[in-house]
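> Output the structure for:
(one chain, ligands or ions: 3)
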Amino acid sequence: MDPYSPRPEDRFTFGLWTVGNPGRDPFGPRTRPVLSPESLVEGLARCGAWGVNLHDNDLVPFGSTAAERDRIVASFKQALAAHGLVVPMATTNLFSHPAFKDGAFTANDPEVRAFALAKTLDAIDLGVELGAKTYVFWGGREGVEAEACRDPREAVKRMREAVDFLCAYVVEQGYDLRFALEAKPNEPRGDIYLATTGHMLHFISTLEHEQMVGVNPEVAHETMAGLSFVHGVAQAMEAGKLFHIDLNAQRIGRYDQDLRFGSEDLKQAFCLVRLLEGTLGGERYSGPRHFDAHAYRTEDSDGVWDFAAGCMRTYKLLAARAEAFDADPEVRAIIEDQADSAIDPLLSNFTPAKAAQLRALDLDVDALGERALRYERLDQLMVEHLMGARE
Ligand code: GCO
Ligand code: MN
Ligand code: MN
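Residues are numbered from 1 along each chain as shown. Ligands and ions are numbered 1, 2, ... in the order given. Just a heads-up that it's a prediction; the model follows:
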């Protein structure tokens, strides 16, 4: 069997909006047909995905009646069962309808905020009905061009009130559901509030139900901000807050490209997979590996499945390379922990005595400055593993 073909235990997922993206962009219309949710489920199952995620309106068009909704959901559930796919995550479209042009939870108009909350309550019910365990919040339009339109502190406060309200709803309903907040610095708004995963992590610590809220970082979004995605994800993992992840590829300084996973900056992608898979030690990420990306506009429907297969295959190729890299004795020798039983206990849990002992240490700082670290060799070893020049 091909070791790089996707398996259910890999927990690979795609959004209906990702493989369903028909190639529209701000400069031109679609280049491939719009496929039904049922045929997307069938295609995903065929390429080996484990699950499919959705916005409320990816499945149930905006403005559907209750009867239409129930019919659509029943037919979708049938497709899921027929093809053995699950829905691990759901979310709300709070950005397409013109009513959300000034944001949803942070909009100045209370009627817009009321509509956003009510729409999300319904979308949470839909997600739970489909089996979702994670509910994502991406504040696509929660931002500004005209900065003077509101006090930005008020925006953060409104966001907190909305998330607190919705957490309390989930608790009251007894749903088994956690929230994952997704940051993005800009696009479609000029500046979006809570712009990075780091902003989100602090915001979460101010929430009433902080334990049920984590983050959903996206490669493209942190990269657009010129930041290290790996560091953002690591901080979330260290805090026990990596509830979900949006995998794709992006080049710094561009619009949100949402490219096939691993198609840009392979080294960062390698370090990310290494971190998620825990090959360098530490806990492995156990949640879904979700691809929030879409095929190039040049593709027809077959090209979309090439794209989806590519995301999953590249992830598994990188996981295998990461394992080999971290098992490489030359790599290990360079990064091995240098434990020092005399010094290590002094470095944490302050006491006046420890402070005095630290000050009294007879350290040869010039020798420290001259010590070779061999990171050139280490980085080259990573390149060699990535290029298949070393097993
Ligand atoms: C984007 C976002 C979205 C969200 C999605 C789920 O930049 O468009 O990444 O794709 O992830 O709306 O919340
Ligand atoms: Mn995303
Ligand atoms: Mn994105």
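> For the stretch 101-250 of the chain, which residues are neighbours of ligand 2?
Residues of the stretch 101-250 of the chain that fall close to ligand 2, judged by Cβ under 5 Å from the ion: Glu218, Asp246. (C-beta placed from N, C-alpha, C; glycine too.)
> where do the helices sit along the stretch 101-250 of the chain?
For the stretch 101-250 of the chain, the helices defined by DSSP state H, counting those that start in this stretch occupy 110-129, 152-173, 197-204, 219-224, 229-238.
> could you dump the ones you listed to a markdown table with mean pLDDT and mean neighbour count?
Formatted as a markdown table, these follow (pLDDT from 0 to 100; neighbours: other Cβ atoms under 10 Å):
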| stretch | mean pLDDT | mean neighbour count |
| --- | --- | --- |
| helix 110-129 | 98 | 17 |
| helix 152-173 | 98 | 16 |
| helix 197-204 | 98 | 20 |
| helix 219-224 | 98 | 26 |
| helix 229-238 | 98 | 19 |
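> Figure out which of these is closest to ligand 3.
Set against ligand 3 and scored by Cβ to the ion, those come closest in helix 219-224, at 4.7 Å.
> Need the contact partners of that closest one.
By Cβ atoms under 8 Å, 6 or more residues apart in numbering, the list of residues contacting helix 219-224 from outside reads 182-187, 196-197, 228-229, 232, 246-254, 256-259, 261, 265, 268-269, 272, 292.
> Inside strands: which ones of those?
Among the contacts of helix 219-224, the members found in strands (DSSP state E) are Glu182, Asp246, Leu247.
> Now flag whichever of those is closest to ligand 2.
Distances from ligand 2 to the ones in strands among the contacts of helix 219-224, taken by Cβ to the ion, are shortest for Asp246, at 3.8 Å.
> In this structure the closest one contacts Asn216, no?
Yes: between Asp246 and Asn216 there is a contact under Cβ atoms under 8 Å: 6.0 Å.
> Find residues that contact each of those two.
Listed contacts common to Asp246 and Asn216 are Glu182; contacts here mean Cβ under 8 Å, 6+ apart.
> Neighbour-wise, which one of the ones in strands among the contacts of helix 219-224 leads?
Neighbour counts for these, by other Cβ atoms under 10 Å, peak at Leu247, which reaches 28 neighbours.
> residues from the stretch 101-250 of the chain in reach of ligand 3?
Residues of the stretch 101-250 of the chain lying near ligand 3 (Cβ under 5 Å from the ion): Ala220.
> mean confidence score for the strand or helix carrying Arg71?
Assessed by DSSP states H and E, Arg71 sits inside helix 66-83. Helix 66-83 shows a mean pLDDT of 98.
> So what touches that helix?
Residues contacting helix 66-83 (Cβ under 8 Å, 6+ apart): 37-38, 41-42, 44-45, 52, 59-60, 64, 85-87, 126, 129-130.
> right, and the helices of the stretch 101-250 of the chain - which one's nearest ligand 1?
helix 219-224 (6.6 Å; Cβ to the nearest ligand atom).
> Output stretch 252-266 as CSV, nothing but the C-alphas.
Extracted in CSV, the C-alpha atoms of stretch 252-266 (Å, rounded to 0.1, in the frame of the first residue of the first chain):
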residue,chain,number,x,y,z
ILE,A,252,4.4,37.0,2.5
GLY,A,253,3.1,40.3,1.2
ARG,A,254,0.4,38.9,-1.0
TYR,A,255,-3.4,38.9,-0.7
ASP,A,256,-4.9,35.8,1.0
GLN,A,257,-3.8,33.2,-1.4
ASP,A,258,-5.2,30.0,0.2
LEU,A,259,-3.0,27.8,-1.9
ARG,A,260,-2.5,24.0,-1.8
PHE,A,261,-0.8,22.9,1.4
GLY,A,262,3.0,22.9,1.0
SER,A,263,2.9,24.6,-2.3
GLU,A,264,4.9,27.6,-0.9
ASP,A,265,7.6,27.7,1.7
LEU,A,266,8.3,24.0,2.1
